[in-house]
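Chemist: would you be able to build a 3D model of this:
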Amino acid sequence: MQVRVQGMYAVGPRAAAGPGSTSPGGTSPGGTVPGGTVPGTGPETAAEAEPSAVSGDGAGEWAAAAPVPAAGRGAAETDLRGRRPSALRYPPGDVLVVSGLPGSGKSTLITRATAALDARGAAVHRVDSQDARDRWQRRLPAALPYALYRPLVRAAHYAGLRRALRSGGSVVVHDCGTLPWVRRWLARDARRRGRGLHLALLDVSPETALAGQLARGRGVSGYAFGRHRRAVARLVAEAEAGRAPEGCVSVVLLDRTSASALDSIGFG
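Modeler: Numbering: from 1, shown residues only. Coordinates of the predicted model:
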């Protein structure tokens, strides 16, 4: 499912080089997706309008393109579940939130696929609460329960996120989706700095997420997992209905197939 929204970011196939191809930032000279539509929304899709590196199964690069005049309700949504995109591209300086259930593969995707530098040659900031937890875990006795130092981990995580946002660089943020105030903070910051806030949402079954927790040797309580399930289900339902969290200018829906196929998340 793709939703065409006038004036919003649209995540569509990045055209191959050649006459009429897109610019390095993923936009045509007019600042819109080639052909004026997101794939699948009209008789002439972006993939048909120009030569594209994206095949029938969604393989190839997908790029977000457009200015940021509005956000939230009506933001562009692209469903890549069951497809095999090789890359996601966003404008340099924008912020991407990667959200999903614990164990869905957020940290793995961020670590494996996020490019080190954006198109300007500036560092891409990866902000993952698991990194903060690992740093504190190395300093403290192994027998100390995580619940006792969780507040320190969260403080370190949000301090790191604040530094990354203030840098003005491209940012990829790990988010479990249960704290709406975090997305509101990110949305306010994006509006103030004039950059786009994007959401990549991993939609996996609870069974798959629980298996992921088991594989990494770290789980969450049944109560906490229930909260995560409800929060992520709301995000997925809103995305499928063409809505997005406040401040987001694009939403990409991924599953294990599409997330595993991604080789790169880049900016520019």
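Chemist: okay, now the nearest residue to Ala261 once chain neighbours are set aside: neighbour count?
Modeler: Ranked by CB to CB, 6 or more residues apart in numbering and with sequence neighbours excluded, the top spatial neighbour of Ala261 is Arg84, at 3.8 Å. The way it works is simple: take the backbone N, C-alpha and C, and place the C-beta from them, glycine included. Neighbourhood size, Arg84 [other CB atoms under 10 Å]: 16.
Chemist: distance check, the residue nearest to Tyr146 when sequence neighbours are not counted against Arg154.
Modeler: Closest residue in space to Tyr146, ignoring its immediate chain neighbours: Arg133 at 7.4 Å, by CB to CB, 6+ apart. Arg133 sits 9 Å away from Arg154 when distances are taken as CB to CB, to the nearest Å.
Chemist: these two - which one has more neighbours?
Modeler: Arg133 (19 against 14).
Chemist: and the helices in the chain?
Modeler: In the chain, the helices defined using DSSP state H lie at 46-49, 106-113, 129-139, 146-167, 180-193, 206-216, 222-240, 256-261.
Chemist: nearest residue to the middle of this protein?
Modeler: The centroid of the chain falls nearest to Ala200 when counting by CA atoms, centre = their mean (2.7 Å).
Chemist: confidence score at that one?
Modeler: Reading off the confidence values, Ala200 has pLDDT 96.
Chemist: hmm, it is touching Leu96, no?
Modeler: Yes - the pair formed by Ala200 and Leu96 meets the contact definition of CB atoms under 8 Å, at 6.1 Å.
Chemist: hey, what's in contact with both of these two?
Modeler: When contacts are counted by CB atoms under 8 Å, 6 or more residues apart in numbering, the set common to Ala200 and Leu96 consists of Leu88, Ile265.
Chemist: how many neighbours does the nearest residue to Ala119 once chain neighbours are set aside have?
Modeler: Closest residue to Ala119 apart from its sequence neighbours, by CB to CB, 6+ apart: Gly268 at 2.2 Å. By other CB under 10 Å, the residues close to Gly268 number 21.
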